[in-house]
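**Student:** next come a sequence and a model predicted from it.
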Amino acid sequence: MPVLVMKFGGTSVANIDRIRRAAKRVGVEVAKGYDVIVIVSAMAGKTNELVGWVSEISPLYDAREYDAVVSSGENVTAGLMALVLQEMDIPARSWQGWQVPLKTNSAHSSARIEEIPTDNINAKFSEGMKVAVVAGFQGLSPEGRITTLGRGGSDTTAVAFAAAFDAERCDIYTDVDGVYTTDPRIASKARKLDRIAFEEMLELASLGAKVLQTRSVELAMRYNVKLRVLSSFEEMDDNAGTLVCAEEDIMESKVVNGIAYSRDEAKMTLISVADRPGIAAAIFGPLAEAGVNVDMIIQNIAEEGRTDMTFSCPVDQVMRADKALSAAKAAGSIDYSDLVADKDVAKVSAVGIGMRSQSGVAAKMFKTLSDEGINIKVIATSEIKISVLIDRKYMELAVQALHDAFELEKA
Ligand code: ADP
Ligand code: ASP
Ligand code: MG
């Protein structure tokens, strides 16, 4: 039997009614003759609640226990979905990560999938089970402990299952009807894309467009998974939603195809760092060890052997970063006078593969922001993106202004 993977995000399983509605869709695919692997997220808001409880107890929590707690939301929805399907006379069974077992490395709270053995689930399919409902977001470490794949990780579970089972398609059901030129919740003029290239989706995701987890796009690209994003609320036919596909499969593309944002950024500056060979390694080594995801970096010109070093990271990692750097300072491996954290910044990015061959995109972006009176604090570029760090209060304005400037509402 051909296999189909269907993933339902938090809002699509937010209550029993929604689970029933999602199950109906699963029923439609089963009726077409598919063996279906359903990947479920926790009910909307559940994971945030669980994370909140962990942080309340322990701001610098033990990541193994964090995973033990936050993975639990998916267990509930997997069981409920299997029950609803059974009530519809569809043979279904739930699977937690460890039962598959979905094997990951030991990087708790952001684990990487290493292997998904297919024999257990396939054996059940051959015994007549029609739907395997798998708890997304979770796996099993080599040490035998539960891991999680990072926020939004159920998308990655879904794509990894599609690759492992050689599924015909991986459908990501969510609360919007596809991938848009920017977050439709922020810019009412956002336009749905029928197709988007893997590379662009990868950039948009890594720059904050949470519609797909970055790692899921990476995996889909590597294993050539047919990946589709669509709404679980509207009636959808087989061509609905957005297909994430190879660049060659897209007829026409603009220079900029999407605007992404990441709201919860922080900018940290080490003032008057003693400048010497190896200083960057001495700063960013301890940060990496502490699990701080450093993004943009600027080093100023040194004067009299001292310089300022600025970097950005997620705002909830400021405490970790502070602790790691203070410890390095106390140990004598770095020397700086002060550490200043600006916790009110956001990152806004323009993405497009057309940038590879067209100049002037950065200039247009900077001019647009300047016309709105928005000050740019840090700039970073790559082949197909330009990112700026700005005051968080201007984030929505910047997204809308850039969406207008690059005429993204027009097809
Ligand atoms: P789920 O719970 O189904 O995984 P998410 O909340 O993780 O859903 O992702 C869907 C959300 O992603 C949308 O509600 C939307 O606000 C946001 N989003 C951000 N950027 C985009 C974009 N470019 N296109 C579509 N949605 C986007
Ligand atoms: N429930 C997890 C989260 O909210 C995983 C997911 O939904 O993809 O991040
Ligand atoms: Mg998600």
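**Tutor:** Here it is on my side, so go on. All values reported here derive from a predicted model rather than from experimental measurement. Ligands and ions are numbered 1, 2, ... in the order given.
**Student:** the helices in the stretch 51-200 of the chain, which residues?
**Tutor:** All helices of the stretch 51-200 of the chain, identified by DSSP state H, counting those that start in this stretch, fall at 63-70, 72-87, 119-126, 154-164, 198-206.
**Student:** dump those helices to a markdown table, plus mean pLDDT and distance to ligand 2.
**Tutor:** (Glycine included, C-beta is placed from N, CA and C.) Putting the helices of the stretch 51-200 of the chain into a markdown table (pLDDT from 0 to 100; distance: least, CB to the nearest ligand atom, whole Å) gives the following:
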| stretch | mean pLDDT | distance to ligand 2 |
| --- | --- | --- |
| helix 63-70 | 97 | 7 |
| helix 72-87 | 98 | 6 |
| helix 119-126 | 97 | 20 |
| helix 154-164 | 98 | 3 |
| helix 198-206 | 97 | 12 |
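**Student:** winner for burial among these?
**Tutor:** Scoring these by mean neighbour count under mean count of other CB atoms under 10 Å gives helix 154-164 as the most buried, with a mean of 28.
**Student:** quick one: name the residues of the stretch 201-350 of the chain near ligand 1.
**Tutor:** 204, 209-211, 258 (CB under 6 Å from any ligand atom).
**Student:** narrow those to those in helices?
**Tutor:** residue 204 (DSSP state H).
**Student:** quick one: low-confidence parts of this structure?
**Tutor:** The chain contains residues with pLDDT under 70 at 238.
**Student:** show me what contacts the closest residue to ligand 1 within it?
**Tutor:** As assessed by CB to the nearest ligand atom, ligand 1 sits closest to residue 9 within the chain, at 1.8 Å. Neighbouring residues of residue 9 by CB atoms under 8 Å, 6 or more residues apart in numbering: 41, 154, 172-175, 232.
**Student:** residue 91 too?
**Tutor:** Going by CB under 8 Å, 6+ apart, residue 91 touches 128-131.
**Student:** with residue 82 instead?
**Tutor:** Contacts of residue 82 (CB under 8 Å, 6+ apart): 92-94, 131, 133.
**Student:** what do you get for residue 198?
**Tutor:** With contacts defined as CB under 8 Å, 6+ apart, the neighbours of residue 198 are 217, 220-221, 244-247.
**Student:** one more time with 7 Å
**Tutor:** Going by CB atoms under 7 Å, 6 or more residues apart in numbering, residue 198 touches 217, 220-221, 244, 246.
**Student:** same question for residue 306.
**Tutor:** 272-275.
**Student:** can you read off the backbone torsions of it?
**Tutor:** Main-chain dihedrals, residue 306, degrees, to the nearest 10: phi -130, psi 150.
**Student:** secondary structure element for the residue nearest to residue 372 when sequence neighbours are not counted, which one?
**Tutor:** Computed as CB to CB, 6 or more residues apart in numbering, the closest residue to residue 372 that is not its neighbour in sequence is residue 401, at 5.1 Å. Using DSSP states H and E, residue 401 sits in helix 395-405.
**Student:** give me the nearest residue to residue 280, chain neighbours excluded.
**Tutor:** Closest residue to residue 280 apart from its sequence neighbours, by CB to CB, 6+ apart: residue 299 at 7.1 Å.
**Student:** what's around that neighbour, how many residues?
**Tutor:** Residues near residue 299, counting by other CB atoms under 10 Å, number 16.
**Student:** may I have the beta-bridge partners of it?
**Tutor:** Residues in a beta bridge with residue 299, per DSSP bridges, are residue 309.
**Student:** and it, how close does it get to ligand 3?
**Tutor:** Distance, residue 299 to ligand 3, using CB to the ion, to the nearest Å: 35 Å.
**Student:** now do the strands in the stretch 151-300 of the chain.
**Tutor:** Using DSSP state E, counting those that start in this stretch, the strands of the stretch 151-300 of the chain run over 169-174, 195-197, 227-231, 242-245, 258-274, 297-299.
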